[in-house]
Structure formats: C-alpha cells, structure tokens
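Participant: Return a 3D structure for these sequence lines:
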Amino acid sequence: MKALVAFILLVQLPVHRAVPAAPPPPLGCDDPESEEAAEFAVNYINGHSHHGYKFVLNRIEQVRVLRQGSNNEILLLELDLLETKCHILDPKPLANCSVRTFHEHAVEGDCDVKLQKLNGQFSVLASKCHSNADSAEDIRDLCPDCPILEWQNDTDVLTTVSRALNDYNSKNPNTYLRLLEIGRAVRQYHPVRMVSVEFAVAVTNCTAQQAKDNLEACQLLPEDQSNFGFCTATTVTEPSQDFTAECQLYGHQPGVTYPHPGQDTSAGLVPSDGQGFINHNLRISHNNPVASESSSSEFPSLVSAKSVAKRAAAEVAQHDKVPHQVGFVAPPPPCPGKIRYFRI
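Facilitator: A predicted model of the protein is given here:
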C-alpha cells in the first residue's frame, strides 16, 4: 500500500523538462560584430589584390551567421565597396586613403565573403569579388562636364604615359623607371579638352644612359631592393596646350611585390594584360587561388544587393499600410546597413 501511495505521489510531481535555449537574434548589418568582420574582409581583399586600387567599405548588404558550436561561427557577408585613390602598392593605411567621389567617375566593388570566427579570431574561408565603374550616362546626367573614364589602351592615354615616363627619366638620370600598369585614365571635353592618367612604376637596375645603350638589359630591382611608385600626368590640348607630370617613389617595402610586371613597358606601352578596359576588376586582381575561384555555392544564403534593397523597400511600403499603435515605432530591418559614402 505504501508503495502504491508513493507511486501516485511521484506521478503527481511536476515534470521539469530541459527547454532548448532560444536561438540568438539575427545579426544586423550595422552590429559591431558585423562591422568587425567586414573590416577584416576588406583588409583581406586589399591584401590579396595585385592590380588597381585599394577599396573601402561602403555598405554591408547582408550578413548571416551559422553557429558551429561554442566559440565557432561561420559568417557570410555581402559587401559593397568603393575605390580609393590609393594604389595597392601605396603604403598609406587604408584609413588615410581618400575615396573617389561620384563626380570622379567612381568604381564600385561587390564582394561575397565567407569567414570563420573561431575563439574570437577571424579567417577568410572563401571570397568572390568583382567591380565596375558607374555608367558614363549617370555621370553626365548630373555633371555634364565631369571627366569620364577612358579605355586604358587609348592612343592619347598611352602617349601621355610615355611622355610622363620620358620626362621623369630625363630629369633623373640615375634612376630609370619602368611602367608596371596604368591605374586609370579619364578624358574631359569641357571647359578644357584633356586626358589625365595615373600609373604605377618601378625602379630598374639601369641608369638613363644604360637604358639608352641597352634597354633590354634593364630589369626591375630584386625583391629585397624593390622600389615602386606612382605617377600622374595630364595632357591639355584645348584651349591651349599644356603638359604636367609628377611621380612619387615609395621606397623599399619589405614583402611587397608586383606579380605580373608584364612585357617590356619602358617605352610607355601598357602591359598586355592591362589593355581593353577602363577599370581594374577585383575579379581579376583578387587572385588568391582559393578565394577568387570560389563558386557561388559557397554563399547559398546571400542574395543580391538589388534584391535586398527591393525587399526592404517592399517591407517599408507594407509597413506603412498597416495601422500602428500610437507611439509604437517599428524597429528598422537589420539589413542592408548604413551607407558610409554614397550610393552608386
């Protein structure tokens, strides 16, 4: 009888079952962890690019976190970047690099990046980037007289580069520069007619006289002595003729290399892989063997920036149609994040 009473009492006791922990709230695009991950990703992209310019974060379009266990997360980021005025060989920190304005014919980068955060440390598992310049029509609509990006193999562009190199080498007989790549070129028609170029250079093992005697013998300095630089030049043809050029050498930077010096460029001809485009594409320049060849399957949860923007606009429109409680303010969608500079 006592056993029966004990059993009945046991059955009547409340049963306490383990309740699974609620999943953490989704990570917003402007949350500190998202911004920390995006900063790491941008530095990685710039560190693995070998042509063109450094890029800076403009907006986090989408972020998703896949939790793998304690102190182990996979983050999938979709980032909008903007081109700066710092060439990738420029030692200047990214924070000190000016972003090209819309009126300077801006170039936008789009990147999907897959990172792991293990014990608080980020690492990039995969990435996929491309970049493109804003359309010339958009620039002309808002600024009809602004300079527009020109093809880098344009005859006037190559002539200006060649003249600038010859000008520097003639004035610095002990240092002979060789062209590495044309970074960008723009053409303007009003109020002046001109072509402006920017290009990367390197010091060779020749003096001006040695180059004149035997140009083929002039090679870039070895890696432990390498010295890269950057030049700008402008040729004006109307209303009067003018030419200006300026070069800056960065000095030796340990560990900094230029992987594709190209064919003979000392005469001002652009390397063969630098022809036929108006801007260096991150798809080309971000050449880490694992990262740049990542397939789209690495990023199954990410949607395009346009899709995100359209969805966000639709949600806002739908939100406006629904009656709201007085004093209630709906929280903003976690993504896309804020625009840091301007929208292209």
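Participant: Got the domain ranges for the chain?
Facilitator: Per the record's domain assignment (automatic domain parsing), the chain is made up of the domains 32-137+296-314, 151-277.
Participant: want to try JSON lines for the ones you listed, with mean neighbour count as columns?
Facilitator: Yep, even glycine has a C-beta here, placed from its N, CA and C like the rest. Converted to JSON lines, these look like this (neighbours: other CB atoms under 10 Å):
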{"stretch": "domain 32-137+296-314", "mean neighbour count": "18"}
{"stretch": "domain 151-277", "mean neighbour count": "17"}
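Participant: Could you dump those into CSV and include distance to Pro26?
Facilitator: CSV is the format used below for those (distance: least, CB to CB, whole Å):
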stretch, distance to Pro26
domain 32-137+296-314, 8
domain 151-277, 39
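Participant: in what helix or strand does Pro26 lie?
Facilitator: Assessed by DSSP states H and E, Pro26 sits outside every helix and strand.
Participant: Chain neighbours aside, what residue packs nearest to it?
Facilitator: In space, not counting the residues next to it along the chain, Pro26 is nearest to Pro334; the distance is 5.7 Å by CB to CB, 6 or more residues apart in numbering.
Participant: Next, the contact list for the residue lying closest to Val197 once chain neighbours are set aside, please.
Facilitator: Distance criterion CB to CB, 6+ apart; nearest residue to Val197, sequence neighbours excluded, is Ala185 at 4.6 Å. Residues in contact with Ala185 (CB atoms under 8 Å, 6 or more residues apart in numbering) are Leu149, Glu150, Trp151, Gln152, Asp154, Val157, Thr160, Val195, Ser196, Val197, Glu198, Ile278.
Participant: Dig out what the spatially most central residue of the chain forms beta bridges with.
Facilitator: Relative to the mean C-alpha position of the chain, the nearest C-alpha, by CA atoms, centre = their mean, is the one of Phe55, at 3.2 Å. With DSSP bridges applied, Phe55 shows beta-bridge pairing to Glu83.
Participant: Check the one 5 residues further on too.
Facilitator: Per DSSP bridges, residues listed as beta-bridge partners of Ile60: Leu79.
Participant: Likewise for Phe199?
Facilitator: Once the bridges are assigned, which here means DSSP bridges, Phe199 pairs with Ile182, Cys231.
Participant: measure Gln248 to Val65 for me?
Facilitator: As for Gln248, its distance to Val65 is 43 Å (criterion: CB to CB, to the nearest Å).
Participant: what are the ranges of the helices in this structure?
Facilitator: Secondary structure of the chain by DSSP state H: the helices cover 2-12, 32-47, 136-142, 155-171, 208-213, 282-285, 305-321.
Participant: lowest-confidence stretch among these?
Facilitator: Ranked by mean pLDDT, the helices of the chain end with helix 305-321 in last place, scoring a mean of 41.
Participant: which residues touch the residue nearest to Pro26?
Facilitator: Pro26, Leu27, Gly28, Cys29, Asp31.
Participant: How about Val236?
Facilitator: Neighbouring residues of Val236 by CB under 8 Å, 6+ apart: Val192, Arg193, Met194, Asp242, Phe243.
Participant: how near is the residue nearest to Val107 when sequence neighbours are not counted to Glu223?
Facilitator: Nearest-residue entry for Val107: Glu83, 3.9 Å, with adjacent residues in sequence omitted and distances by CB to CB, 6+ apart. Computed as CB to CB, the Glu83 to Glu223 distance reads 27 Å.
Participant: gap between the residue nearest to Thr160 when sequence neighbours are not counted and His105?
Facilitator: Nearest in space to Thr160, with sequence neighbours left out and distances taken as CB to CB, 6+ apart, is Thr235 at 4.6 Å. In this structure, Thr235 and His105 are separated by 18 Å, where distance is defined by CB to CB.
Participant: Equivalent analysis for Asn205, please.
Facilitator: The separation that Asn205 has from His105, given CB to CB, amounts to 37 Å.
Participant: ditto for Leu142
Facilitator: Separation of Leu142 from His105 (CB to CB) stands at 11 Å.
Participant: picking up where we left off before, which ones among the contacts of Ala185 lie within strands?
Facilitator: Leu149, Val195, Ser196, Val197, Glu198 (DSSP state E).
Participant: Return the member of these nearest to His51.
Facilitator: For His51, the closest of the ones in strands among the contacts of Ala185 turns out to be Glu198, at 12.8 Å, with distances computed as CB to CB.
Participant: List the contacts of the closest one.
Facilitator: Taking CB under 8 Å, 6+ apart as the definition, contacts of Glu198 comprise His87, Ile182, Gly183, Arg184, Ala185, Phe230, Cys231, Thr232.
Participant: want to throw those into JSON lines with distance to Thr257 and pLDDT?
Facilitator: Written out in JSON lines, the entries for the contacts of Glu198 read as follows (distance: CB to CB, whole Å; pLDDT from 0 to 100):
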{"residue": "His87", "distance to Thr257": "14", "pLDDT": "97"}
{"residue": "Ile182", "distance to Thr257": "19", "pLDDT": "96"}
{"residue": "Gly183", "distance to Thr257": "17", "pLDDT": "96"}
{"residue": "Arg184", "distance to Thr257": "22", "pLDDT": "96"}
{"residue": "Ala185", "distance to Thr257": "25", "pLDDT": "97"}
{"residue": "Phe230", "distance to Thr257": "16", "pLDDT": "98"}
{"residue": "Cys231", "distance to Thr257": "19", "pLDDT": "98"}
{"residue": "Thr232", "distance to Thr257": "23", "pLDDT": "98"}
